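>>> With the input below, show me the fold.
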Amino acid sequence: MAPDHLTDLFETFSTLRKYGLWLNPAKCAFDVSSGRFLRFIVHERGINVNPKKVQAIIYMQAPRTVKDLQRLNGQFAALSRFLSRSGDRCLPFFRALKNPKDFRWTVQCEEAFGQVKRYLTNLPRLASVILGEKLSVYLAASQHAVSSVLTKEVSGEQLPVYYVSHVLNGLEERYLPLVKLALVLVLAPRKLRPYFQAHMIEVIIDQPLRQVLSKFDVAGRLLKWSVELGEFDIHYVPRTAIKTQSVADFIAELADSGNGSPEQTEEAWELHVDGSVTSSSAGAGLVLSAPDRRSFEHSLRFGFRATNNEAEYEALLAGLKLALEMQVDVIHVFTDSQLIAEQLGDGYEAREPTMARYLAEVKSLASNFSRFTLSKVSRNQNERADELAKMASGLDHGNRSGVKDLPFRTILVSSIAPNEARTMWVQEMLLFKRNGVLLDDEAATRRIRRTQAWYSEVNRRLYKRSFSQPLLRCLEPGEAKAVLTEVHEGICGEHIAARTLAYKILRQGYYWPTMSQDARTYVQRCGPCQWYARTPRQPAVPLSPIDCAWPFAQWGLDLLGPFHRPRGNDDTSSWAWITSPNGPKPSH
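Numbering: from 1, shown residues only. Now for the predicted structure:
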């Protein structure tokens, strides 16, 4: 017998004795390798289904009455944690029970009954979990039901832990496929809450579910689900090869055969970029073309010295920012720079720090598109972008119409370093919204996951959703201080109080987490506010009333005098003596 087993028994028996509980010895078993517990067979390798429960269904005849079908559904419910996609398998039985008065055992019910019997002959073994282990969740959705499976990886093999299924009602059947996946992701922690609270969960999915739940314009239902999921440590991971047959059988295509026409592929915008460097200046040119043959041309002159590769990267970054501002979703980039094409294709390694920062910034911008592709073309196929770049970097600048200035490097303005993100809350949230990057601080990670549903990135800026106002722009500490100064003592400043100052900034469309505290501190340090502030006249502490020591008792005071000095300097005869009315007079 293992020492831990004896310790557990001692603790269990002590608890039973403390609360006066009794056990039936006939139903107890100690120091066994396997046994029956809660209608299941539990052993060191996991949990197996009770064979008697399975045999009862396999040898059961087809139901003839409503009670027989209800009894069958109850038996399926007892085995639901072992049944993959039980909602789809048992759907004909549920439909037959919708109208009990007109009960009919249809051909679809008979076929489903036979399929379930064949499936019950080879039920999977469920794995047991240990506190703190990493678990994975696979999601599936069909037209009438949604399902999920919680898995655990053991020796390179993914073993199921629990199956969850839900039959959609009339309204839920009209959800979009991604919304159905979000629904089953919310239903899984509701049913398996202890697993989600004690473990890190990886959602294995090949759909942009995280982006859908984090969009600022999602419906109220999705926002509520996103806030509910923020409680748990959930990570979204792209789906790779399935390592277990039981999990592979669970995965189904998301195609919805009964919902309208197939999805049409969106046409891509084309972006041609090029850079040009001379001995005295540098510039970039870009041409953004829409699918309907509309084109937008830009020529940029740099206010800093740059190499050829840096100019090519600056042109690419400027083009991607322009595409994002125009809300382009699918883009195809053409460049004649072999270095950029190879570095983005992981053919070349960015060894120089400057090139590495440019590459990271391009990848960050590219992640905002649903589809991003880049192709290497010859200079002849990139003529217009080359002409715009040479126009910006030319020596003759008499005609500067159509040429814009770029005074600073892009990577110095918009790059986000990991060490800076630890002290800048806006950058922390942007790192998570863009790439799912979290900090090492566990408290900050929980805060970001809990509140990320209220934030969204629009045109490379972070905004917060408000209840009764438009989106609020999130400010860094330096920007917040400038806004406080302008609103409090600027041109229209009135040196208002701290609470009013915070509310006024909020109504102007700005937000940061500590705005109320910062407004209070700013007003307290404002010289004119403290100099001309109203002096409080009330006491520092509440007044304490003095109650009478005796009912109807009163204090009185009489003024005696003046006293004339008698002859012989007799001082004692001129004193006032206080006595009770019926008491004895004082003796001299």
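>>> Distance of D68 relative to L472?
Noted for D68: a distance of 60 Å to L472, by CB to CB, to the nearest Å. All C-beta spots, glycine's among them, are computed from the backbone N, C-alpha and C.
>>> and the two? which has more neighbours close in?
L472 (21 against 15; other CB atoms under 10 Å).
>>> pretty sure that one contacts Y463?
Yes. Taking contacts as CB atoms under 8 Å, L472 lies within contact range of Y463: 6.3 Å.
>>> The helix or strand bottoming out on mean pLDDT in the chain: what's the following helix or strand?
When the helices and strands of the chain are scored by mean pLDDT, DSSP states H and E, helix 418-421 comes last with a mean of 40. Where DSSP states H and E defines the elements, the next helix or strand beyond helix 418-421 is helix 425-435.
>>> longest helix of this structure?
Across the chain, the longest stretch assigned as helix under DSSP state H is helix 308-325.
>>> Tell me which helix or strand comes right after it.
Sequence-wise, the next helix or strand downstream of helix 308-325 (DSSP H and E) is strand 330-335.
>>> which helices and strands does that following strand pack with?
Under the contact criterion of 3 or more CB pairs under 8 Å, 6 or more residues apart in numbering; DSSP states H and E, strand 330-335 touches strand 269-277, helix 308-325, strand 371-376.
>>> Parallel or antiparallel, list what pairs with it.
strand 269-277 (parallel), strand 371-376 (parallel) (DSSP bridges).
>>> can you pull the pLDDT of Q264?
Reported pLDDT at Q264 in the predicted model: 45.
>>> again, but for the one 10 residues further on
D274 carries a pLDDT value of 90.
>>> who's it bridged to?
Residues in beta-bridge contact with D274 (DSSP bridges): G285.
>>> give me the number of residues near it?
Neighbours around D274, by other CB under 10 Å: 28.
>>> likewise A480?
Using other CB under 10 Å, the number of residues around A480 comes to 21.
>>> Now do the contacts for it.
A480 sits next to 510, 512, 515, 518 when contact means CB atoms under 8 Å, 6 or more residues apart in numbering.
>>> Domain ranges for the chain, per the record?
Structural domains annotated on the chain: 7-120, 134-250, 269-414, 418-531, as defined by automatic domain parsing.
>>> Let me have the ones you listed in a markdown table, adding distance to R565 as columns.
A markdown table is the format used below for the domains of the chain (distance: least, CB to CB, whole Å):
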| stretch | distance to R565 |
| --- | --- |
| domain 7-120 | 88 |
| domain 134-250 | 91 |
| domain 269-414 | 98 |
| domain 418-531 | 59 |
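>>> Of all these, which one is nearest V541?
Among the domains of the chain, the nearest to V541 by CB to CB is domain 418-531 (21.2 Å).
>>> so how far is the closest one off the chain centroid?
18 Å (CA atoms, centre = their mean, to the nearest Å).
>>> how about stretch 314-324: buried residues?
Neighbour counts using 16 or more other CB atoms under 10 Å place 314-321, 323-324 of stretch 314-324 among the buried residues.
>>> Also stretch 91-101?
Neighbour-count burial for stretch 91-101, counted by 16+ other CB under 10 Å, picks out 91-93, 96.
>>> Now do the helices in the stretch 451-588 of the chain.
Under the criterion DSSP state H, counting those that start in this stretch, the stretch 451-588 of the chain carries helices at the ranges 477-489, 498-507, 515-524, 527-531.
>>> Point out where the stretch 51-200 of the chain drops to low pLDDT.
Residues of the stretch 51-200 of the chain meeting the criterion pLDDT under 70: none.
>>> E342: what secondary structure?
Taken by DSSP: H, G, I helix; E, B strand; the rest coil, the conformation at E342 corresponds to helix.
>>> Any figure for the gap between it and S468?
Applying CB to CB to E342 and S468 gives a distance of 51 Å.
>>> between the contacts of A480, which is nearest Q427?
Using CB to CB, the contacts of A480 come closest to Q427 at W512, 12.8 Å.
>>> For the closest one, give me its contacts.
Neighbouring residues of W512 by CB under 8 Å, 6+ apart: 425, 474-477, 480, 518.
>>> Which ChimeraX command selects the buried ones in these?
In ChimeraX syntax, the buried subset of those is picked out as below (16+ other CB under 10 Å):
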select :425,474,475,480,518
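>>> quick one: the longest helix of the chain to strand 269-277, angle?
Put simply, helix 308-325 runs at 150 degrees to strand 269-277, going by axes from the mean of the first three to the mean of the last three CA atoms, to 10 degrees.
>>> Tell me the helices and strands packed up against helix 308-325.
Helix 308-325 sits against strand 269-277, strand 282-289, strand 295-302, strand 330-335, helix 338-344, helix 353-366, helix 383-393, helix 410-414, with contacts defined as 3+ CB pairs under 8 Å, 6+ apart.
>>> hey, least reliable of those by pLDDT?
If you rank the helices and strands packed on helix 308-325 by mean pLDDT, helix 410-414 sits at the bottom with a mean of 55.
>>> Point out where the stretch 351-500 of the chain drops to low pLDDT.
Where the stretch 351-500 of the chain drops to pLDDT under 70, the residues are 395-402, 411-424, 434-441.
>>> redo that, cut-off 50
By pLDDT under 50, the weakly predicted segments of the stretch 351-500 of the chain are 395, 397-398, 412-423.
>>> what's the neighbour count on P539?
A total of 7 residues lie near P539 under the criterion other CB under 10 Å.
>>> actually A282, not the one I wrote
By other CB under 10 Å, neighbour count at A282 equals 25.
>>> I figured A78 hits K53, correct?
Yes. Under the criterion of CB under 8 Å, A78 makes contact with K53 at 6.5 Å.
>>> Overlap of the contact sets of those two?
Applying CB under 8 Å, 6+ apart, one finds that A78 and K53 are jointly contacted by R39.
>>> now the strands: where do they sit in the stretch 451-588 of the chain?
455-458, 461-464, 472-474, 510-511 (DSSP state E, counting those that start in this stretch).
>>> helices or strands up against whichever strand or helix holds K52?
Secondary structure assignment for K52, by DSSP H and E: helix 51-58. Contacts defined by 3+ CB pairs under 8 Å, 6+ apart place helix 51-58 against helix 66-78, helix 107-120.
>>> which among the contacts of W512 gets closest to D405?
Nearest member of these to D405, counting by CB to CB, is E476, at 24.8 Å.
>>> Just to check, the closest one is in contact with M429?
No. The pair E476 / M429 is not scored as a contact, 11.3 Å apart, by CB under 8 Å.
>>> can you pull the buried residues of stretch 322-333?
323-324, 328, 330-333.
>>> could these go into TSV alongside distance to A188?
Shown next, in TSV, are the buried residues of stretch 322-333 (distance: CB to CB, whole Å):
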residue	distance to A188
A323	37
L324	34
V328	35
V330	32
I331	35
H332	38
V333	39
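>>> farthest pair in those residues?
Pairwise distances across those peak at 15.0 Å for L324 and H332 (criterion: CB to CB).
>>> State the distance from the closest residue to A127 other than its chain neighbours to R118.
Excluding its sequence neighbours, the residue lying closest to A127 (CB to CB, 6 or more residues apart in numbering) is L159, at 3.8 Å. In this view, L159 and R118 are 22 Å apart by CB to CB.
>>> Which one's more surrounded, the two?
Legend: neighbour count by other CB under 10 Å for L159 and R118, higher for L159 (21 against 9).
>>> That one touches L150, doesn't it?
No. L159 lies out of contact with L150 (CB under 8 Å); the separation is 10.1 Å.
>>> which of the strands paired with strand 330-335 is buried the deepest?
By mean neighbour count, with neighbours taken as mean count of other CB atoms under 10 Å, strand 269-277 ranks first of the strands paired with strand 330-335 at a mean of 25.
>>> Tell me what angle it forms with strand 282-289.
Going by the same axes, to 10 degrees, strand 269-277 makes 170 degrees with strand 282-289.
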